[in-house]
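Enquirer: 3D model of this:
(2 chains)
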Number of protein chains: 2
Amino acid sequence: MPRLVMKFGGTSVADIPRIRNVAAHVKREIDAGSEVAVVVSAMAGKTNELVAWCKEAGSHFDNAEYDSVVASGELVTAGLLALVLKDMGLKARSWAGWQIPLVTDDVHGSARIAGIDGTRLGEGFAAGEIAVVAGFQGVHKATNRVTTLGRGGSDTSAVALAAAISADRCDIYTDVDGVYTSDPRVVPKARRLAKVAFEEMLEMASLGAKVLQVRSVELAMVNKVKLYVRSSFDDPAHPQLGTLICDEEDIMEQEVVTGIAFSRDEAQITLRDVADKPGVAAAIFVPLADANINVDMIIQVVSGDATTTDITFTVPATEYERAIKLLKQRQAKIGYAKLHGAQDVVKISAIGVGMRSHSGVAARAFKALAEKGINIRAITTSEIKFSMLIDDAYTELAVRTLHTLYGLDAK
Amino acid sequence: MPRLVMKFGGTSVADIPRIRNVAAHVKREIDAGSEVAVVVSAMAGKTNELVAWCKEAGSHFDNAEYDSVVASGELVTAGLLALVLKDMGLKARSWAGWQIPLVTDDVHGSARIAGIDGTRLGEGFAAGEIAVVAGFQGVHKATNRVTTLGRGGSDTSAVALAAAISADRCDIYTDVDGVYTSDPRVVPKARRLAKVAFEEMLEMASLGAKVLQVRSVELAMVNKVKLYVRSSFDDPAHPQLGTLICDEEDIMEQEVVTGIAFSRDEAQITLRDVADKPGVAAAIFVPLADANINVDMIIQVVSGDATTTDITFTVPATEYERAIKLLKQRQAKIGYAKLHGAQDVVKISAIGVGMRSHSGVAARAFKALAEKGINIRAITTSEIKFSMLIDDAYTELAVRTLHTLYGLDAK
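Expert: Have a look, this model is predicted:
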């Protein structure tokens, strides 16, 4: 009998009518002959309410207590969905993380899954029972305390569960109907992708396409769990197609470029006239790393007189002020003449596993953007993507230009 | 080191400022050198919200799922109080029922406590840690599922916990400052009792003085747990006195009558001209019992001709319509001439363990009420109380008359 994990996020379970809609999706899969485990998030807004109370409660934040408060939101949804399923005449029961058990380490607030014992869930399946699992949470064995997997952790719960019970597929129901070639709000001609390779999805997720948590995609890739992203707002009786995220080998006709992503959460810092000698890069980047500031793109341009150089790099926009302050404090130690910063920048990326076997893919982009008068401030490339930092005023123009260039526009 | 259980209800933990107030009460006891376990209810209104969702979710109500949803409210409060205590520099951790574990039977929705393992809590005390326990809930061992003890069950949790950890006292913090000789809204001269015997408190609780759940008083009596009812709205630095509920022997000077209680939730039914022959009482009361209608006072008056009799009894007001319907259907079988009902009645009770050793206590009441022109419709007595059914128009007059009669008025 095929086994399926179905995951529904907070907006899909925001109230009882929506939970009924979720139950109708579950019933369709049961009627089709599947064994089903459903993973649910807290009702929309509930986690924020609980988090706000925790913040109000204590400046001496305690992550273990935070976890035990916040994980309660998913318990509520799981119980309510089980009630609705039973009301529809189906067999169901809810599972807290500790009941399964879904065992994690003890890093409260962002615990990692150590293992899932699928035995009890399996007994439930054998008895014809739907397992309704509270997402986002687990238990640390030695302390017997509840842990959470961090924000968005229900995706991770679902994928880990799918691996543990050897599910044939893990369906992630969300408020969009799949993964798109680009953000449809920016690119009207963007279209849903039928299939995306794990590696591509990882790049898209980390570059700001917020359909799936990076961590859940990694976990799916490692465990070869087929992920299917689809809409929870479909008519449950007539579900629409979504996007399958799978191994590269499972995708017959691979496009060179699969998607164009962009991220506005970037800031650029340039240090001018840095002495061009060994140890300078370390003097700049080691302190930033020690301060947990994540540096992304780095370019170094030798200046005219060849004894000094300019170094440009990007940091997350949220860390910009902190990075500037830290670098100014260390001006003498690093030995630079001037510091320039810019927050009005955007990172545009083209992603596709097909780049591995095609050359000159990025060069075509540089040419196309130049023809539109768009200045490229920095470039980074990897095996399956390349990224360019440009002025954010050109975001829409650049994204649409690349979308058309690589043949991604809907017909 | 003295051990204390402190229990706070929903209104005492309704928001973070109130939870801070609770924490200040806890800190006072810690500073005084006690080991403390705090039992908390859900924040006021939260349980009702969860119950409403459950009702909306399913007509095929499932008590196991209901329990797992509703018990989440107490988890939130326990975690928040632990956070606040830590913020005040104290050591604390929250405990779910299953973590202690507080083991119950599997009667979901109104489970009975089978046992509490105090080992882990004891280890916490040894480490100087305050135990913050989510009330109202336990776990059933064989199924590993969360159970609840029924509405008001946090009082029961607190008392059972006090017994399990051999606490010296169990303080029940509530929105009144103790147990009164009568309802102060009806009797302005009512005063707080310094001490009440368990047996008296049981009668008062079951007669409508809603300070404590009957079940928690029974449990305290059996386990000899000293209960102390006090106000959570006191200044934590200067706590006021409350009422100690304890063994009869611990009360030095016992009053004859300790309190005057009344219940408006009564209805009276009279069957006229019932054949005065064996089996008639069974014909009336067995069907009522089978229908789960709880009959309280019963009086039988032989009519003039001595071949028939009138039977009067009371039922809960909520069951009145059902009882009337059932009796009318059975008129032929029972064989009565007429049925009279009255809902405008009230049951007034005087309670006191001193009645055991004093005679004529009730007779004085009959005389006093007669002098005020109050007609007594029915009477029942037990070892430590007597109750009278009267017209509800005379409630205040009767209660105040008895309150004065037995010397209960505040000086």
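Enquirer: neighbours of the closest residue in space to residue A:28 that isn't next to it in sequence, how many?
Expert: Leaving out its chain neighbours, the residue that sits closest to residue A:28 by Cβ to Cβ, 6 or more residues apart in numbering or on different chains is residue A:236, at 5.5 Å. Placement of C-beta: from N, CA and C, glycine included. Residues lying near residue A:236 (other Cβ atoms under 10 Å in any protein chain shown) number 17.
Enquirer: ok, residue A:236 touching residue A:31?
Expert: No: counting by Cβ atoms under 8 Å, residue A:31 is not a contact partner of residue A:236; they are 10.6 Å apart.
Enquirer: now the stretch 151-300 of chain A against chain B: closest residue?
Expert: In the stretch 151-300 of chain A, the residue that lies nearest chain B is residue A:154 (16.4 Å; Cβ to the nearest Cβ).
Enquirer: tabulate the CA atom coordinates of the helix or strand harbouring that residue in CSV.
Expert: If you go by DSSP states H and E, residue A:154 is part of helix A:153-164. Coordinates of the C-alpha atoms in helix A:153-164 are reproduced here as CSV (Å, rounded to 0.1, in the frame of the first residue of the first chain):
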residue,chain,number,x,y,z
GLY,A,153,10.4,23.3,11.2
SER,A,154,7.2,21.6,10.2
ASP,A,155,8.6,21.1,6.7
THR,A,156,11.6,19.4,8.3
SER,A,157,9.3,17.2,10.5
ALA,A,158,7.4,16.1,7.4
VAL,A,159,10.5,15.2,5.4
ALA,A,160,12.1,13.4,8.4
LEU,A,161,8.9,11.5,9.0
ALA,A,162,8.6,10.5,5.3
ALA,A,163,12.2,9.1,5.5
ALA,A,164,11.5,7.2,8.8
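Enquirer: returning to what we had before: so what's the backbone phi/psi at the residue nearest to residue A:28?
Expert: Dihedral pair for residue A:236: phi -60, psi -30, per degrees, to the nearest 10.
Enquirer: tell me how far it lies from residue A:168.
Expert: Computed as Cβ to Cβ, to the nearest Å, the residue A:236 to residue A:168 distance reads 20 Å.
Enquirer: likewise for residue A:312?
Expert: With distances taken as Cβ to Cβ, residue A:312 is found 48 Å from residue A:168.
Enquirer: could you do residue A:181 as well?
Expert: Taking Cβ to Cβ, one finds residue A:181 at 27 Å from residue A:168.
Enquirer: over to residue A:148?
Expert: Counting by Cβ to Cβ - residue A:148 and residue A:168 are separated by 28 Å.
Enquirer: looking at those two now, which is surrounded by more residues?
Expert: For residue A:148 versus residue A:168, neighbours defined as other Cβ under 10 Å are more numerous around residue A:148 (28 against 14).
Enquirer: ok, the residue nearest to residue A:28 - contacts?
Expert: Counting by Cβ atoms under 8 Å, 6 or more residues apart in numbering or on different chains, residue A:236 makes contact with A:21, A:24-25, A:27-28.
Enquirer: most neighbours among these, please name it.
Expert: Neighbour counts for those, by other Cβ under 10 Å, peak at residue A:25, which reaches 24 neighbours.
Enquirer: which residue sits closest to that residue in space, ignoring its chain neighbours?
Expert: Residue A:25's closest residue in space is residue A:236 (Cβ to Cβ, 6+ apart), at 4.6 Å.
Enquirer: check residue A:320 too.
Expert: In space, residue A:320 is closest to residue A:267, 3.9 Å off (Cβ to Cβ, 6+ apart).
Enquirer: so who does the spatially closest residue to residue A:382 that is not a sequence neighbour touch?
Expert: Leaving out its chain neighbours, the residue that sits closest to residue A:382 by Cβ to Cβ, 6+ apart is residue A:203, at 7.8 Å. Residues counted as contacts of residue A:203 (Cβ under 8 Å, 6+ apart) are A:261, A:349, A:351, A:382, A:384-385.
Enquirer: let's see it at 7 Å
Expert: Taking Cβ atoms under 7 Å, 6 or more residues apart in numbering or on different chains, we find residue A:203 in contact with A:349, A:351, A:384-385.
Enquirer: ok so, going back, just to check, the residue of the stretch 151-300 of chain A closest to chain B is in contact with residue A:7?
Expert: Yes: look at residue A:154 against residue A:7 with Cβ atoms under 7 Å: they come within range, at 6.2 Å.
Enquirer: anything in contact with each of these two?
Expert: Residues touching both residue A:154 and residue A:7 by Cβ under 7 Å, 6+ apart: A:39, A:135.
Enquirer: what comes up buried for stretch A:61-77?
Expert: Judged by neighbour count (16 or more other Cβ atoms under 10 Å in any protein chain shown), stretch A:61-77 contains these buried residues: A:62-77.
Enquirer: swap that for stretch A:175-188, sorry
Expert: A:176-183, A:187.
Enquirer: and it, average pLDDT?
Expert: Here stretch A:175-188 scores 91 as its mean pLDDT.
Enquirer: what ranges of chain A fall below the confidence cut-off?
Expert: Low-confidence segments of chain A, defined by pLDDT under 70: A:151-152, A:208-209, A:302-306.
Enquirer: residues in contact with residue A:373?
Expert: Residues near residue A:373 by Cβ under 7 Å, 6+ apart: none.
Enquirer: same deal with residue A:355?
Expert: Residue A:355 makes contact with A:256, A:361, A:383-384 under the criterion Cβ under 7 Å, 6+ apart.
Enquirer: now do residue A:135
Expert: With Cβ under 7 Å, 6+ apart, residue A:135 has these contacts: A:7, A:39-41, A:74, A:153-154, A:157-158.
Enquirer: dump the residues you listed to TSV, plus distance to residue B:49.
Expert: Shown next, in TSV, are those (distance: Cβ to Cβ, whole Å):
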residue	distance to residue B:49
A:7	25
A:39	23
A:40	18
A:41	18
A:74	16
A:153	24
A:154	22
A:157	25
A:158	27
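Enquirer: what helices and strands are in contact with the helix or strand where residue A:115 lies?
Expert: Using DSSP H and E, residue A:115 maps to strand A:113-116. Counting contacts by 3 or more Cβ pairs under 7 Å, 6 or more residues apart in numbering or on different chains; DSSP states H and E, strand A:113-116 is packed against strand A:102-104, helix A:153-164.
Enquirer: please name the bridge partners of residue A:133.
Expert: In this entry, residue A:133 is beta-bridged to residue A:39, residue A:95, by DSSP bridges.
Enquirer: ok, now which ones touch it?
Expert: A:37-39, A:78, A:95, A:157, A:161.
Enquirer: which two among those are spaced furthest apart?
Expert: A:78 and A:161 (12.7 Å; Cβ to Cβ).
Enquirer: and the residue nearest to residue A:25, how far from residue A:394?
Expert: 42 Å.
Enquirer: now residue A:9
Expert: Distance check for residue A:9 against residue A:394: by Cβ to Cβ, it reads 33 Å.
Enquirer: of these two, who's got more company?
Expert: Neighbour count, other Cβ under 10 Å: between residue A:9 and residue A:394, residue A:9 has more, with 21 against 17.
Enquirer: quick one: contacts for the more buried one?
Expert: Applying Cβ under 7 Å, 6+ apart, the residues contacting residue A:9 are A:41, A:154, A:174.
Enquirer: can you tell me how far the residue nearest to the second one when sequence neighbours are not counted is from chain B?
Expert: Right, the one you point to is residue A:154. Distance criterion Cβ to Cβ, 6+ apart; nearest residue to residue A:154, sequence neighbours excluded, is residue A:135 at 3.0 Å. To chain B, residue A:135 is 14 Å away according to Cβ to the nearest Cβ, to the nearest Å.
Enquirer: how about the secondary structure of the residue of the stretch 301-411 of chain A found nearest chain B?
Expert: Going by Cβ to the nearest Cβ, chain B is nearest to residue A:318 of the stretch 301-411 of chain A, at 25.5 Å. Here residue A:318 is recorded as helix under DSSP: H, G, I helix; E, B strand; the rest coil.
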